[in-house]
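Asker: What follows is a predicted protein model with its sequence.
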Amino acid sequence: MKSALQRIFWGVRRSFVLKLGIILLAVFIGAAIAVYFVERGSGGSIKTLGEAFWWLIVTVATVGYGDFTPVTTTGRIIASVLIVIGVGLIPFVAAQGASYLVTRRLREEKGLEKISNKGHTVICGWNEHVEMILDSIIARQEHPEIILVNSLVPEKMNQVLLKYKSIKPRFVHGDFTSEAILELANVRQAATVIILSDTAQGDISGADERAILGTLAVRTMNPRARVCVEVTEPKAAPHVRRAGAREVIVHGEYDPFLITSAAMSEGVVLAVRRLLSYGDKSCLQQKVIPAEFIGKRFGELAAHFRERQNVMLVGLFSMGKALHAEDVLSGDYSLIDDFIERKFKEVGKEYLGAQLEISQANLNPGDDYVIRQNEVALVIGS
C-alpha cells in the first residue's frame, strides 16, 4: 500500500493539479487562521482556532450549517472567497485527480507504466511454459514479485494477470530487447531475469537472436542480475553464454532422453517428473550448507541432511572459474561474436570487471569429497 501511494505521489509531483492542490491547502489554512484573529474579539461565534477550522470545512464544503459565522467585514470577505473556491476549484482538482488515477490504471493494464519494484524477477518473452514457470516460482517463494515483459496483446495478458492475482504480477508491454522497455520493468534493480524463447508473435525463427540481444541488454543495464535464458537451438547456447547468461536451457533438450526412457526403462520418466515438480515433496532443490560443514567430507553432510532434515543429499553445486571478456571472446570471431565484443566495449569497465561464472553440478562426488566454500547442496526432499 505504501509503495502504491509513493508511486502516485512521485507520478504527479510535478503536475499542475498537485501544485494547485497544495496552494489551495495553504490558502485554506491561512484563511482559517486569519478569520480566527479577525473574529475572536468581535463578539461573534468564532472564538477559538478549532472553531475557525470547523467553520473553514463547513464553508469550503458549502454545507451551510450556520453554527459558526463571521460577523466582521473582513471575515465575510474571506468567507466569500472560500465559497467561490469551494464551488469552482475543488471539484476541478478532484476531477483531475480521479482522471490521473484512471489514466494510470489504464496504462498499467496496457503495460505502459513504469515499475518501481526492487529485487524482483523479470520474465522476458512469452511461450507455452509461462504459466508453468509462474506456478513453480509461487511454489518456491511465499511472496514473489514478478514482472512480465512481452509483446502479447494486453487483453490476453490481462487474463493471465487475473489468474495469478494472488501474487499481483505486473506487466510491461513491448520488445524485451529494447533498453527503454527494460527500463520500464526496472531491470536495473531486478534480482533475476528469465528470457524465454519468444513466440508472442507466432514466429520462433528469430527467437535465439532475440535471446542474445535481450541478454546483452539486460547485462548492460544490470551486471549483477542472475540471467537465465532459454534457446531453441543448441548452437545458440555458447553465444548466449558469451553474452552473459548464467544459465542456458535448450528448449526440448531432454525430450529424447525422456522418450527413450519411457520406452526402455519403466519408471524413469515418473521419477524424473517427481524430481522436477515443485508440487512434489520429493523434488530436487538447493539447500544452504551449514558453515560448520565447510572443509568436512561429503558423507558427513549427507548424514546431517538425512538425520536432521529428512532429505537425501545427491550432489553439490558450485561456481567454477571466473571469466572475463577476453576469456570468452576468441580471435576468430563470428558475426555474433563481433557484435558481442562491440557491446562489451560500449558497456565499459563496470561490466568488463564483473565476473562471468560457469556453473557446475557435482553429483555423488563420493563420501570422501571435501566440501569447499561457495558450494550449495543439491537434495531430494522438502
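Answerer: The structure has been received and is ready for your questions.
Asker: The residue of the chain positioned farthest from its centre: helix or strand, and which one exactly?
Answerer: The C-alpha centroid of the chain is most remote from Gly43, which lies 62.0 Å away (Cα atoms, centre = their mean). Counting by DSSP states H and E, no helix or strand carries Gly43.
Asker: Could you do Trp54 as well?
Answerer: Going by DSSP H and E, Trp54 is in helix 49-60.
Asker: helices or strands up against that helix?
Answerer: For helix 49-60, the packing partners by 3 or more Cβ pairs under 8 Å, 6 or more residues apart in numbering; DSSP states H and E come out as helix 16-39, helix 73-109. C-beta: built from backbone N, CA, C; applies to glycine.
Asker: For the ones you listed, please prepare TSV with the additional fields mean neighbour count and distance to Glu375.
Answerer: What follows is those, written out as TSV (neighbours: other Cβ atoms under 10 Å; distance: least, Cβ to Cβ, whole Å):
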stretch	mean neighbour count	distance to Glu375
helix 16-39	16	53
helix 73-109	14	42
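Asker: now the residue nearest the centre of the chain, nearest residue through space, not along the chain?
Answerer: When Cα atoms, centre = their mean is applied to the chain, the residue found nearest the centroid is His120 (3.6 Å). Nearest non-adjacent residue to His120, counting by Cβ to Cβ, 6 or more residues apart in numbering: Glu145, 3.9 Å away.
Asker: I'd assumed Asn117 was in contact with that neighbour.
Answerer: Yes - using Cβ atoms under 8 Å, Glu145 makes contact with Asn117 at a distance of 5.0 Å.
Asker: was I right about Leu24 contacting Ile85?
Answerer: Yes - the pair Leu24 and Ile85 passes the contact test of Cβ under 8 Å, sitting 6.8 Å apart.
Asker: any low-confidence regions in the stretch 1-150 of the chain?
Answerer: 1-17, 62, 64, 66, 93, 96-97, 99-112 (pLDDT under 70).
Asker: give me the number of residues near the residue nearest to His120?
Answerer: Glu145 has 19 neighbours, counted by other Cβ atoms under 10 Å.
Asker: likewise Arg140?
Answerer: There are 12 residues near Arg140, going by other Cβ under 10 Å.
Asker: tell me the SS of the closest residue to it other than its chain neighbours?
Answerer: The shortest distance from Arg140 to any non-neighbouring residue, by Cβ to Cβ, 6+ apart, is to Tyr278 (6.0 Å). Under DSSP: H, G, I helix; E, B strand; the rest coil, the three-state class of Tyr278 is coil.
Asker: per-residue pLDDT, Tyr278?
Answerer: The model reports Tyr278 with a pLDDT of 72.
Asker: Quick one: residues contacting it.
Answerer: 135-136, 139-140, 285 (Cβ atoms under 8 Å, 6 or more residues apart in numbering).
Asker: Repeat that for Ile90.
Answerer: Ile90 neighbours (Cβ under 8 Å, 6+ apart): 24, 60.
Asker: Which residue ranges make up each domain of this protein?
Answerer: 2-108, 110-253, 288-334+347-382 (automatic domain parsing).
Asker: Tell me which of the ones you listed is the most buried.
Answerer: Comparing these by mean neighbour count (mean count of other Cβ atoms under 10 Å), domain 110-253 comes out on top with a mean of 19.
Asker: quick one: Glu266 and Leu258, what's the gap?
Answerer: Glu266 sits 13 Å away from Leu258, going by Cβ to Cβ, to the nearest Å.
Asker: Please say which of those two ends up with more neighbours.
Answerer: Leu258 (14 against 9).
Asker: For burial, what's the neighbour tally of the nearest residue to that one once chain neighbours are set aside?
Answerer: Spatially, and ignoring its direct neighbours in sequence, Leu258 is nearest to Val269 (5.5 Å; Cβ to Cβ, 6+ apart). Neighbourhood size, Val269 [other Cβ under 10 Å]: 16.
Asker: show me what contacts Val269?
Answerer: Here Val269 is in contact with 258, 261-262 (criterion: Cβ under 8 Å, 6+ apart).
Asker: Now do the strands in the stretch 101-250 of the chain.
Answerer: Assigned by DSSP state E, counting those that start in this stretch, the strands in the stretch 101-250 of the chain fall at 121-124, 146-150, 170-173, 192-195, 226-231, 247-250.
Asker: mind listing what the second one pairs with, with the direction of each?
Answerer: What that stands for is strand 146-150. Strands that pair with strand 146-150, judged by DSSP bridges, come out as strand 121-124 (parallel), strand 170-173 (parallel).
Asker: what comes up buried for stretch 278-286?
Answerer: 278, 283-284 (16 or more other Cβ atoms under 10 Å).
Asker: Now do the helices for the stretch 151-300 of the chain: every range, in order, please.
Answerer: 154-163, 179-184, 207-221, 237-243, 255-264, 268-275, 298-304 (DSSP state H, counting those that start in this stretch).
Asker: Would you mind giving those helices as a markdown table with mean pLDDT and distance to Phe37 added?
Answerer: Shown next, in a markdown table, are these (pLDDT from 0 to 100; distance: least, Cβ to Cβ, whole Å):
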| stretch | mean pLDDT | distance to Phe37 |
| --- | --- | --- |
| helix 154-163 | 84 | 55 |
| helix 179-184 | 92 | 51 |
| helix 207-221 | 93 | 57 |
| helix 237-243 | 91 | 70 |
| helix 255-264 | 84 | 83 |
| helix 268-275 | 85 | 79 |
| helix 298-304 | 93 | 77 |
